[in-house]
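Q: Curious how this folds, go ahead:
(2 chains)
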Amino acid sequence: MKVAITILAVAALASVPLWLRDPYLLNALITTGIFVIGAMSLNLLLGFTGQLSLGHIAFFGIGAYVSALTSLGFDFGLPGGFRVVHEPWPPILGLVFAILAAGLCGYFVGLLSFRVRGAYFVIVTISFAEVVRLVALNWVELTQGPLALTNIPSIALPLPGFGELTLRTKMQNYYFVLVVALIAYLLIARLVRSHFGRAMRGLMENETLAVSVGIDVTKTLTIAAVISAAIAGAAGSLYAHYIRIIDPEVFAFINTVTMVIMVISGGKGSLAGPVVGGLIFGLLPVALRPVMAPEAQWIAYGGVLMAILFVLPRGIVPSPAQRLSRRRSGAKALALTETGIEERA
Amino acid sequence: MTARSVAMTIEQVAVRFGGLVAISDMSFTVGDGEIVSLIGPNGAGKTTAFNVMTGFLTPSAGRVTYRDTALNGLKPHEIADLGLIRTFQRTSVFPNDTVYDNLLIGLHRQGRVRLLDAILGLPSARASERKLRQRASELIEWVGLERRAHDAAGSLSYGEQRLVGVALALAAEPSMLLLDEPVSGMNASETHRFVELIRSIRDRGITILLVEHDMPMVMTVSDRIVVLNYGRIIAEGTPDVIRNDPAVIEAYLGHGAARA
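A: Now for the predicted structure:
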């Protein structure tokens, strides 16, 4: 049943470029898809370990910059008259380095902040994103600062025996994003169903008990942060090579908030949640643009968000644990809920 | 008593919270395969002692040794890795997971496969997963919760949750089990079943240290009893010795009772 839905959903998504010819809409789908990957990575932390990263866009942006710089090349000076010069490399290597660099940053942020969790983690992640934004803004020699990195090459996929396939058309880019999203989805699915995912869940539900059966908190959370950051970095790389221009605005706080909205509205802790929430809130601005003034669009956006959270406080696709707790309360005639005693049929 | 090798040694352990002395100078040993109970009135320092032995608290002085390994400075999960596993006084389950999934989480120590193997779904990882599922089912059967296996652990009755807690601790493959007031809140028949359970745990070769208030239960199940009061040991011995120890009677019942 669940597998059937997944296959149907993938088939539906794969068929889109075959009937949707409007390049504007296809473009919106591609950027939404990239943000869905980011939201999935955020969900790994927020939904499965309970840690809220409010600087998640930093990993995305680092991925974007690393990937762009790898493929554009750079040349900057160090104190003492040294110069670091890098010749342009193929963009696909940019993707690899983006994943590695973002993962490494995830490691350090995780290591630093999981000693103190909860609110401290939120603060560390916000600060981290802000610091990275300031570096991108002020290290003009490397990043061009506010002038932005331009002319970033499109990704070229090496096909053994056929040479290279450069992703020039929207359709090609769409399929590439879809494939990367599927890989990220499967990776996260495997991860959370493994013993490692159970360790994360145990820590989220009852940390003291989890520790007492031998689960290493710091190690588990750090690994989750590394993988989450690495996936966000991959999304950032896709973004850089698709949009082909990036500036420090990519690190804007609103981008993190967008990802958080996608995860919460879709259902944190469920695999499909960020995909559903991401598609809704990625495409909503596009749908509203022709019918509303810009100010009204944001009001409508907020209205839809509040409506979803009011009607479905657990998100559109609740996580398995939440479905279970709903069944639990359904088993008794009278059940205690957060709001009081609720009568059951 | 037959000569046993010593499993755990507690040497001159003291715990102070600021000016408050929770434990002052506590020393005793637990032999391999023994059932030892730690008793004492409320606030005597029993749970504090447990927290020190399992690394949740660092003692102000003294040391704890388990099978020749000093536990000072080890983190709780590292101590768990030595096979020293505890249960908790209040209900301790993963409430939003099924009983079955609770045990799978508890089997963490057995389920360690390389992360990459798990992600790629390699045969070794799948075999390990099968083994874990089998083991989880066995444990559920062993504590008699088959009917509740697929209910959320948080929806179980208090007594059932205690059983899940013990099964969870056993899932971690302890060589020594520390039970913190396991039968509090249980009725007589549940307690009776629990005593059977403790005996069968011991029969598997697992050493048991028990903190409990239920005196009849402690007297039936223990090989040896250590009595704490105001953070110090006031008596130690077999149930028969403890039952007739004037210091113990005084601690529990007050001054006049010793003569009565």
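Q: Sketch out the low-pLDDT regions of the chain for me.
A: Using chain A here. Along chain A, segments meeting pLDDT under 70 span A:325-345.
Q: Let me rephrase: I mean chain B.
A: For chain B (pLDDT under 70), the answer is B:1-4, B:91, B:255-260.
Q: what about the strands in it?
A: With DSSP state E as the criterion, chain B has strands at B:6-17, B:20-31, B:35-39, B:61-66, B:69-70, B:84-86, B:176-180, B:207-211, B:224-229, B:232-237.
Q: same question, chain A
A: Counting by DSSP E, the strands of chain A are A:74-77, A:83-86, A:156-159, A:163-166, A:334-337, A:340-343.
Q: so what's residue B:44 up against?
A: B:228-231 (CB atoms under 8 Å, 6 or more residues apart in numbering or on different chains). Heads up, the C-betas are built off the backbone N, CA and C, glycines and all.
Q: again, 6 Å this time
A: Going by CB atoms under 6 Å, 6 or more residues apart in numbering or on different chains, residue B:44 touches B:228-229.
Q: residue contacts, residue B:176?
A: Residue B:176 neighbours (CB under 6 Å, 6+ apart): B:7, B:84, B:207.
Q: Neighbour-wise, which one of these leads?
A: residue B:84 (29 neighbours; other CB atoms under 10 Å in any protein chain shown).
Q: Bridged to that residue, which residues?
A: residue B:176 (DSSP bridges).
Q: export the strands of chain B to CSV and tack on distance to residue A:298?
A: Shown next, in CSV, are the strands of chain B (distance: least, CB to CB, whole Å):
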stretch, distance to residue A:298
strand B:6-17, 53
strand B:20-31, 56
strand B:35-39, 63
strand B:61-66, 60
strand B:69-70, 61
strand B:84-86, 53
strand B:176-180, 54
strand B:207-211, 59
strand B:224-229, 64
strand B:232-237, 67
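Q: most neighbours per residue, which of those strands?
A: By mean neighbour count, with neighbours taken as mean count of other CB atoms under 10 Å in any protein chain shown, strand B:84-86 ranks first of the strands of chain B at a mean of 28.
Q: quick check, nearest of the contacts of residue B:176 to chain A?
A: residue B:84 (9.7 Å; CB to the nearest CB).
Q: Does the closest one touch residue B:66 like I think?
A: Yes: between residue B:84 and residue B:66 there is a contact at 5.5 Å, judged by CB atoms under 6 Å.
Q: From chain A, how far off is residue B:142?
A: Relative to chain A, residue B:142 is positioned 17 Å away (CB to the nearest CB, to the nearest Å).
Q: From residue B:182, how far off is the nearest residue to that residue once chain neighbours are set aside?
A: Spatial nearest neighbour of residue B:142, chain neighbours left out: residue B:167 (7.1 Å); criterion: CB to CB, 6 or more residues apart in numbering or on different chains. Using CB to CB, to the nearest Å, residue B:167 is found at 12 Å from residue B:182.
Q: Now residue A:283: closest residue in space, sequence neighbours ignored.
A: With CB to CB, 6+ apart as the criterion, residue A:283 has its nearest non-adjacent residue at 5.7 Å, and that residue is residue A:32.
Q: pretty sure the one you found is touching residue A:282, no?
A: Yes: assessed by CB under 6 Å, residue A:32 is found in contact with residue A:282 at 3.0 Å.
Q: can you count the residues close to residue A:20?
A: Quick note: residue A:20 (other CB under 10 Å) scores 14 neighbours.
Q: mind listing what it touches?
A: Taking CB under 6 Å, 6+ apart, one finds residue A:26 in contact with residue A:20.
Q: And it, how far from residue A:133?
A: 34 Å.
Q: Show me what the longest helix along chain A is packed up against.
A: The longest helix of chain A (DSSP state H) is helix A:217-243. Helices and strands touching helix A:217-243, as assessed by 3 or more CB pairs under 6 Å, 6 or more residues apart in numbering or on different chains; DSSP states H and E, comprise helix A:23-46, helix A:56-72, helix A:91-113, helix A:170-193, helix A:195-205.
Q: got CSV for those, with mean neighbour count too?
A: As requested, these are exported to CSV (neighbours: other CB atoms under 10 Å in any protein chain shown):
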stretch, mean neighbour count
helix A:23-46, 23
helix A:56-72, 28
helix A:91-113, 21
helix A:170-193, 19
helix A:195-205, 24
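Q: quick one: the nearest residue to residue A:165 once chain neighbours are set aside from residue A:169, how far?
A: Distances taken as CB to CB, 6+ apart put residue A:157 closest to residue A:165, at 4.7 Å, once the chain neighbours are dropped. To residue A:169, residue A:157 is 13 Å away according to CB to CB.
Q: now do residue A:311
A: 39 Å.
Q: At the contact with chain A, which residues of the stretch 51-200 of chain B appear?
A: For the stretch 51-200 of chain B, the contact set with chain A under CB under 6 Å from any CB of the partner chain comprises B:76-77, B:80-81, B:86, B:92, B:94, B:96, B:104-106, B:108-109, B:111, B:115, B:118-119, B:152, B:155, B:172.
Q: contact partners of the longest helix along chain B?
A: Criterion DSSP H: the longest helix present in chain B is helix B:123-143. The contact list for helix B:123-143, computed with CB under 6 Å, 6+ apart, reads B:100, B:103-104, B:107, B:111, B:113, B:117-118, B:146, B:149, B:163, B:167, B:171.
Q: Most widely separated two among those?
A: B:117 and B:163 (32.9 Å; CB to CB).
Q: Ramachandran coordinates for the residue nearest to residue B:164 when sequence neighbours are not counted?
A: Take residue B:164 and drop its neighbours on the chain: the residue closest to it by CB to CB, 6+ apart is residue B:93, 4.9 Å away. Backbone torsions for residue B:93, taken as degrees, to the nearest 10, come to phi -140, psi 170.
Q: quick one: contacts for residue B:93?
A: Taking CB under 6 Å, 6+ apart, one finds B:102, B:153, B:161, B:164 in contact with residue B:93.
Q: I'd like the distance between residue A:177 and residue A:190.
A: Using CB to CB, residue A:177 is found at 20 Å from residue A:190.
Q: before we move on, what about residue B:67?
A: For residue B:67 relative to residue A:190 (CB to CB), the value is 37 Å.
Q: if I pick residue 153, what's in contact with it?
A: Because you didn't say which chain, this covers chain A. Contacts of residue A:153 (CB under 6 Å, 6+ apart): A:71, A:91.
Q: actually chain B
A: So, once contact is read as CB under 6 Å, 6+ apart, residue B:153 ends up touching B:93, B:95, B:99, B:102, B:164.
Q: Next step: those residues restricted to helices.
A: B:99, B:102, B:164.
Q: Put together a markdown table for those, with neighbour count on each row.
A: Listed next are the ones in helices among the contacts of residue B:153 as a markdown table, based on neighbours: other CB under 10 Å:
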| residue | neighbour count |
| --- | --- |
| B:99 | 29 |
| B:102 | 34 |
| B:164 | 24 |
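Q: Could you find the closest non-adjacent residue to the most centrally placed residue in chain B?
A: Note on chain B: the residue nearest the mean C-alpha position is residue B:178, at 1.8 Å, using CA atoms, centre = their mean. Leaving out its chain neighbours, the residue that sits closest to residue B:178 by CB to CB, 6+ apart is residue B:86, at 4.0 Å.
Q: same question, residue B:24
A: residue B:231 (4.7 Å).
Q: for residue A:154, same thing?
A: residue A:167 (5.1 Å).
Q: Give the burial count for that neighbour, as a bare number.
A: Count around residue A:167 with other CB under 10 Å applied: 20.
Q: Tell me how far it lies from chain B.
A: 26 Å.
Q: Got phi/psi on that residue?
A: phi -80, psi 90.
Q: and it, how far is that from residue A:177?
A: 10 Å.
Q: How about residue A:147?
A: According to CB to CB, residue A:147 and residue A:177 sit 27 Å apart.
Q: Now do the buried residues in stretch A:243-262.
A: A:243, A:246-248, A:250-251, A:255-256, A:258-262 (16 or more other CB atoms under 10 Å in any protein chain shown).
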